[in-house]
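Engineer: Sequence isn't available, so here's the structure alone:
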DNA sequence: GCTGAAACGGCTCTGTT
DNA sequence: AACAGAGCCGTTTCAGC
């Protein structure tokens, strides 16, 4: 849990992670060193896990996006799924979930043929029993990096 | 579409967006000004849309995550869904999708009660017919901001 | 076109109060 | 938390490939 000042700093960094500490300080009413120390502390405690670039998938040539529900063989550990999926460059996010499927993976591919190829490779993993995928038609909203509001 | 050098720069920024241009230059074999010019160009062309912070939802107090499939009334436009969902701080991503549901929203909430409350409010939106939600058990993988591999 | 080198201004960062 | 210093970085300008 963060206090108000920390939240505003995180919010400022969420909008532009390369903004200077002096800028952020002016925004939240602190000096630059004070902001830096708070950011350092947020990184140390794990609230901030890093800084990343926001890219336009289409501009990078990744025009096809989809969610792949993965049904695993019984007694498959989350670690096995993780190790299996992290080898795919095309898988940008994955979680174990409640419901019928065991896990959901978010996949970016250059086109439908590429998407299909990835799908087939995932379905061929030894821990995967079957998959069911949903294609993204148009993205409506994207916020933050690991997806948390602040 | 990017050439090899641009891709490696984007990759370096994806790992740490606050890395210095000199550092990235050393990594890809370019001088700092050359890297800056390429990053500027990537921003100008829209391949890079910004820089953001990677936060740990749990550390910020958002412990409950889920995907909400939204079934809309007929003749609901994507714009209507977008305008309806963007008012929710808890919705961090949303897309229209193929399959039975019309859209999927990724939701972060502080706890299950909070999640349920958000779910009820979304289900009460005039354009929503019904919802079906899946809870995230444990996140396995997260890369990039808007989710593209590079 | 692209690059690398140099120089200036601003920022990061540490230590101190 | 603010202040002050040294050092580093972002940024521009310039010339060369």
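Structural biologist: Ah, there it is. These figures come from a predicted structure and were not determined experimentally.

Engineer: can the lengthiest helix in chain A be found next to DNA strand D?
Structural biologist: Ranked by residue count and defined by DSSP state H, the top helix of chain A is helix A:32-45. Yes. Using C-beta under 7 Å from any atom of the strand, helix A:32-45 reaches DNA strand D at A:33, A:34, A:37, A:38. Backbone N, C-alpha and C define where each C-beta goes, glycine included.

Engineer: out of those residues, which are buried?
Structural biologist: Taking 16 or more other C-beta atoms under 10 Å in any protein chain shown as the criterion, what is buried in those is A:34, A:38.

Engineer: Out of the residues of helix A:32-45 next to DNA strand D, which is nearest to DNA strand C?
Structural biologist: Lowest distance from DNA strand C to those (C-beta to the nearest atom of the strand) belongs to residue A:33, with 3.9 Å.

Engineer: that older thread, among the residues of helix A:32-45 next to DNA strand D, which are in reach of DNA strand C?
Structural biologist: Within the residues of helix A:32-45 next to DNA strand D, those near DNA strand C by C-beta under 7 Å from any atom of the strand are A:33, A:37.

Engineer: I'd like the residues of helix A:32-45 next to DNA strand D as JSON lines, with pLDDT appended.
Structural biologist: JSON lines is the format used below for the residues of helix A:32-45 next to DNA strand D (pLDDT from 0 to 100):
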{"residue": "A:33", "pLDDT": "96"}
{"residue": "A:34", "pLDDT": "96"}
{"residue": "A:37", "pLDDT": "96"}
{"residue": "A:38", "pLDDT": "96"}
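
Engineer: okay, the residues of helix A:32-45 next to DNA strand D in CSV with distance to chain B next?
Structural biologist: Formatted as CSV, these follow (distance: C-beta to the nearest C-beta, whole Å):
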residue, distance to chain B
A:33, 17
A:34, 18
A:37, 16
A:38, 13
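
Engineer: Which two of the residues of helix A:32-45 next to DNA strand D have the greatest separation?
Structural biologist: The largest separation in these, counting by C-beta to C-beta, is between A:33 and A:38 at 9.8 Å.

Engineer: now the helices for chain A?
Structural biologist: A:4-15, A:21-28, A:32-45, A:78-85, A:112-123.

Engineer: Tell me, how many residues neighbour the nearest residue to residue A:28 once chain neighbours are set aside?
Structural biologist: Leaving aside its chain neighbours, residue A:28 sits nearest to residue A:8 (4.7 Å; criterion: C-beta to C-beta, 6 or more residues apart in numbering or on different chains). By the criterion of other C-beta atoms under 10 Å in any protein chain shown, residue A:8 has 17 neighbours.

Engineer: Alright, I will stop here.
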